[in-house]
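Visitor: Attaching a predicted model along with its sequence, questions to come.
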Amino acid sequence: MRFFLTILFVLIITNKLFLFNEEFLILLSFISFCFIVYEQLGSLFNSYFETKVLTIKNSLLNSINLISNKLDEKQKFNKKIINFQKNIILIKQYYLKFSITFLTQFIIYLNTKEKINFLSKLSHLNQLEKKYFKLIILLLIKKINILNLLTKFYGNNLQIKRFKTLNLINKLTLIKKI
């Protein structure tokens with residue numbers, strides 16, 4: 001193909017179809033420069049861009065895997081929360097039944113003049129109420145801690161620029177508060 005183009009070019013020049021002026025020589029030089037650069041450096045640029053594509057692809061796959069793992073953990077945590085809510089409902093029902101039975105027993109005890117037993121049951125109920133309150137507070141604190149850990153993870157471990165920027169903004173606000 002090159003040989004054919006060279007012969008065609010020589011024929012055009014010998015028949016004086018083209019005049020060699022400055023603009024034509026500059027055009028000819030530019031076209032030959034572009035051709036040489038393409039032939040010599042084309043594979044180098046191609047391999048450079050292929051490595052960049054692979055790097056970006058691997059980075060995105062790592063980020064997607066991290067997000068997938070965290071979503072699985074979040075799903076398991078949500079199932080635990082649903083079970084916890086069911087347990088809370090059961091505790092509530094038990095507490096209501098206990099309260100009703102306690103009040104009926106209270107009326108019986110008042111009628112039979114057993115006030116000492118009533119005071120012990122009342123203190124037991126008070127302790128149960130305190131323990132129930134402590135349990136709710138501990139569970140709320142645990143949930144808040146988990147949310148804080150997830151926020152820190154998304155800010156620190158994901159390789160996406162948006163999360164890194166949000167993490168830096170959070171650090172700046174903490175520094176300003178100090």
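Guide: Perfect, thanks for sending it.

Visitor: can you give me the mean pLDDT across the lengthiest helix in the chain?
Guide: Under DSSP state H, the helix in the chain containing the largest number of residues is helix 22-112. Average pLDDT, helix 22-112: 87.

Visitor: Could you look up the next helix or strand downstream of that helix?
Guide: helix 115-156 (DSSP states H and E).

Visitor: roughly how far is that next one from the heart of the chain?
Guide: Mean C-alpha position of helix 115-156 versus that of the full chain (CA atoms, centre = their mean, to the nearest Å) differs by 30 Å.

Visitor: Tell me the helices and strands packed up against that helix.
Guide: helix 22-112, helix 161-177 (3 or more CB pairs under 8 Å, 6 or more residues apart in numbering; DSSP states H and E). In this view, the C-beta of every residue, glycine as well, is placed from N, C-alpha and C.

Visitor: Let's have those helices in CSV, adding distance to residue 140 and mean neighbour count.
Guide: Converted to CSV, the helices and strands packed on helix 115-156 look like this (distance: least, CB to CB, whole Å; neighbours: other CB atoms under 10 Å):
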stretch, distance to residue 140, mean neighbour count
helix 22-112, 11, 11
helix 161-177, 23, 11
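
Visitor: May I see those helices arranged in a markdown table, with distance to residue 147 as well?
Guide: What follows is the helices and strands packed on helix 115-156, written out as a markdown table (distance: least, CB to CB, whole Å):
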| stretch | distance to residue 147 |
| --- | --- |
| helix 22-112 | 10 |
| helix 161-177 | 14 |
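
Visitor: Relative to residue 132, which of those helices is closest?
Guide: Using CB to CB as the measure, helix 22-112 is the one of the helices and strands packed on helix 115-156 that comes nearest residue 132, at 7.2 Å.

Visitor: next one: that closest one to chain centre, how far?
Guide: 4 Å.

Visitor: Which neighbouring elements make contact with it?
Guide: helix 115-156.

Visitor: Average pLDDT for the helix it packs on, rounded please.
Guide: Across helix 115-156, the per-residue pLDDT values average to 82.

Visitor: gap between the nearest residue to residue 91 once chain neighbours are set aside and residue 88?
Guide: The spatially closest residue to residue 91, leaving aside those adjacent along the chain, is residue 132, at 7.2 Å (CB to CB, 6 or more residues apart in numbering). Look at residue 132 and residue 88: by CB to CB, to the nearest Å, they are 10 Å apart.
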